[in-house]
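1. build me a model:
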Amino acid sequence: MGNPVHGLDDVLVAFDDDCIRPLTDTASDIGQPYREIESQAGHDANSTSQMLPTTVIFTPCRGDITHNDHEEIDLTKTVAGVNLLLIAVVRRADR
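-> Predicted coordinates:
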């Protein structure tokens, strides 16, 4: 399994390599910088990963403030994440 993350109950959750690999391959192919990280945030993906293949794409927030009332997205970075997902999904559908 892929990158482990800590779930809501501090249980180690491993995201699915078959979901991660298309994203990292696509990012490399289109020249989109990325890094694989471990997150302790309690995302829905932690729960769904127990039932089906799952991963998460994080895009940076302004000032690196996240999960906070002062969180603001940087539209340019968010669009890059959405485009990464779109291209990876289309590639997978076309195979």
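
2. pLDDT wise, what is residue 6 at?
-> pLDDT, residue 6: 48.

3. wait, I meant residue 46
-> 79.

4. pretty sure it contacts residue 14?
-> No. Using CB atoms under 8 Å, residue 46 is not in contact with residue 14; the gap is 10.5 Å. Yep, even glycine has a C-beta here, placed from its N, CA and C like the rest.

5. those two: which has the busier surroundings?
-> More crowded of residue 46 and residue 14, by other CB atoms under 10 Å: residue 46, with 21 against 13.

6. wait, a helix at the more buried one?
-> Yes. Secondary structure of residue 46 (DSSP: H, G, I helix; E, B strand; the rest coil): part of a helix.

7. and it, how far from residue 86?
-> 24 Å (CB to CB, to the nearest Å).

8. which strands and helices sit next to the lengthiest helix in the chain?
-> For the chain, the helix that runs over the most residues, judged by DSSP state H, is helix 75-94. Under the contact criterion of 3 or more CB pairs under 8 Å, 6 or more residues apart in numbering; DSSP states H and E, helix 75-94 touches helix 17-30.

9. got the buried residues for the helix it packs on?
-> Using 16 or more other CB atoms under 10 Å as the test for burial, helix 17-30 gives 19, 20, 22, 23, 24, 26, 27.

10. try stretch 58-74
-> Within stretch 58-74, the residues scored as buried using 16+ other CB under 10 Å are residue 61.

11. pull the CA atoms of that stretch into CSV?
-> Presented in CSV, the C-alpha positions along stretch 58-74 are these (Å, rounded to 0.1, in the frame of the first residue of the first chain):
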residue,chain,number,x,y,z
PHE,A,58,-3.5,18.3,-1.2
THR,A,59,-2.9,21.8,-2.6
PRO,A,60,-1.1,24.4,-0.5
CYS,A,61,-3.2,27.1,1.2
ARG,A,62,-2.0,30.7,1.5
GLY,A,63,0.5,31.0,4.4
ASP,A,64,0.4,27.3,4.9
ILE,A,65,-2.7,27.8,7.2
THR,A,66,-5.1,24.9,6.9
HIS,A,67,-8.0,23.5,8.9
ASN,A,68,-8.5,26.9,10.4
ASP,A,69,-11.0,29.8,10.0
HIS,A,70,-8.2,31.8,8.4
GLU,A,71,-7.6,29.2,5.7
GLU,A,72,-7.5,30.6,2.1
ILE,A,73,-6.9,28.8,-1.1
ASP,A,74,-4.5,29.9,-3.7
